[in-house]
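Participant: here's my sequence, what's the structure:
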Amino acid sequence: MKVTREGYLEGQLLIAMPGMTDPRFAHSVIYICSHNEDGAMGLAINRPTQHIDFPSLLDQLDIDPYQGGNFTETTEIPPEIPLPQLHAGGPVEVGRGFVLHSADYVQDSTLVISETIALTATVDILKAIARGRGPRHYLVILGYSGWGAGQLEYELQRNSWLTTEADEELVFCTEPDMKWPRAMAKLGVDVTMLSSEAGHA
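Facilitator: Sure, this is the predicted structure:
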C-alpha cells in the first residue's frame, strides 16, 4: 500500500536502525496504524511477550471459547484452534489490547488501514478468534507505540528509522526474530553491513 496522504506513513512498516538508543525499540518492526499532523500510532509486530498467554488473557476477560463454538466442550481449548502468541506493541498503555489482522474480518469498529490489513480493538474479535471464527491472519498485541506531533518526523530525520511497504507475509507469517532482517532485506539492506553508529554522526 502506498502512503495514503503525502508525507504520512499510515500502513507502512517502521524499522529501527541498528543505532537505536532506546532499548524499548531496539530491532523493532512497527506497523503504523495512523499518522497525521497530530502524531502517529503504531504496533510493534516482532516483540513476543512472555508475561501472559492467550488462554490467560481469555480468562482475564471472562471469554468462554466454547460458547457459540461448533465443538463439544473439553478441558482444553480445542486443538484445531491455534493459540496465538501475544506481542508487546509498545510502551504505551501496556494493558490495552489490539488485534492487527487481515482485512477479511471487519466489524463496525474495525479500522481498515489498507486493502489487506485492518485493526480491531474490541473483545468481540478475541471471542471470534477463540471460537475459530476470526480473521485468516492476526496478531494479538498488548500496548502500542505513540509519537506526538512532529516527533516521528524528527526521529526519521535523525535516521533512527527506515520505512518500507508492509505485506501480509512479513507481518503475519514470518517468525518474530526474522521480521527485522527481512524488513531490512525488503529495502536491499544487509543488516550485517550496517554500522551501529548510523544516524549519530
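
Participant: what's the least confident helix or strand in the chain by mean pLDDT packed up against?
Facilitator: Every helix and strand of the chain was ranked by mean pLDDT, DSSP states H and E. The lowest is helix 54-60, at a mean of 79. The contact analysis (3 or more CB pairs under 8 Å, 6 or more residues apart in numbering; DSSP states H and E) places helix 54-60 against helix 123-130. For the C-beta atoms, the positions are set from N, CA and C on the backbone; glycine is no exception.

Participant: which helices and strands does the helix it packs on pack with?
Facilitator: Judged by 3+ CB pairs under 8 Å, 6+ apart, the packing partners of helix 123-130 are helix 54-60, strand 92-102, strand 138-147.

Participant: what about that helix, average pLDDT?
Facilitator: Helix 123-130 carries an average pLDDT of 88.

Participant: cool, and stretch 85-93?
Facilitator: On average, stretch 85-93 scores 92.

Participant: just stretch 172-192 next, same as before
Facilitator: 90.

Participant: now do stretch 145-153
Facilitator: The model assigns stretch 145-153 a mean pLDDT of 95.

Participant: residues of that stretch that come out buried?
Facilitator: Across stretch 145-153, burial judged by 16 or more other CB atoms under 10 Å covers 145, 146, 147, 152, 153.

Participant: need the contact partners of it.
Facilitator: Residues outside stretch 145-153 that contact it (CB atoms under 8 Å, 6 or more residues apart in numbering) are 9, 14, 25, 28, 30, 35, 37-44, 89-92, 155, 161.

Participant: filter those down to the buried ones, PyMOL style.
Facilitator: Buried residues within the contacts of stretch 145-153, by 16+ other CB under 10 Å, are selected in PyMOL with:
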select buried, resi 9+14+25+28+30+35+40+41+42+43+44+89+90+155+161
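
Participant: so which of the contacts of stretch 145-153 sit within helices?
Facilitator: Among the contacts of stretch 145-153, DSSP state H puts residue 155 in helices.

Participant: inside strands: which ones of the contacts of stretch 145-153?
Facilitator: Among the contacts of stretch 145-153, DSSP state E puts 14, 30, 35, 39, 40, 41, 42, 43, 44, 92, 161 in strands.

Participant: so where's the longest helix in the protein?
Facilitator: helix 176-186.

Participant: as JSON lines, the ones in strands among the contacts of stretch 145-153 with distance to residue 56 would be great.
Facilitator: Below are the ones in strands among the contacts of stretch 145-153 laid out as JSON lines (distance: CB to CB, whole Å):
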{"residue": "14", "distance to residue 56": "29"}
{"residue": "30", "distance to residue 56": "25"}
{"residue": "35", "distance to residue 56": "33"}
{"residue": "39", "distance to residue 56": "32"}
{"residue": "40", "distance to residue 56": "30"}
{"residue": "41", "distance to residue 56": "26"}
{"residue": "42", "distance to residue 56": "25"}
{"residue": "43", "distance to residue 56": "20"}
{"residue": "44", "distance to residue 56": "20"}
{"residue": "92", "distance to residue 56": "22"}
{"residue": "161", "distance to residue 56": "33"}
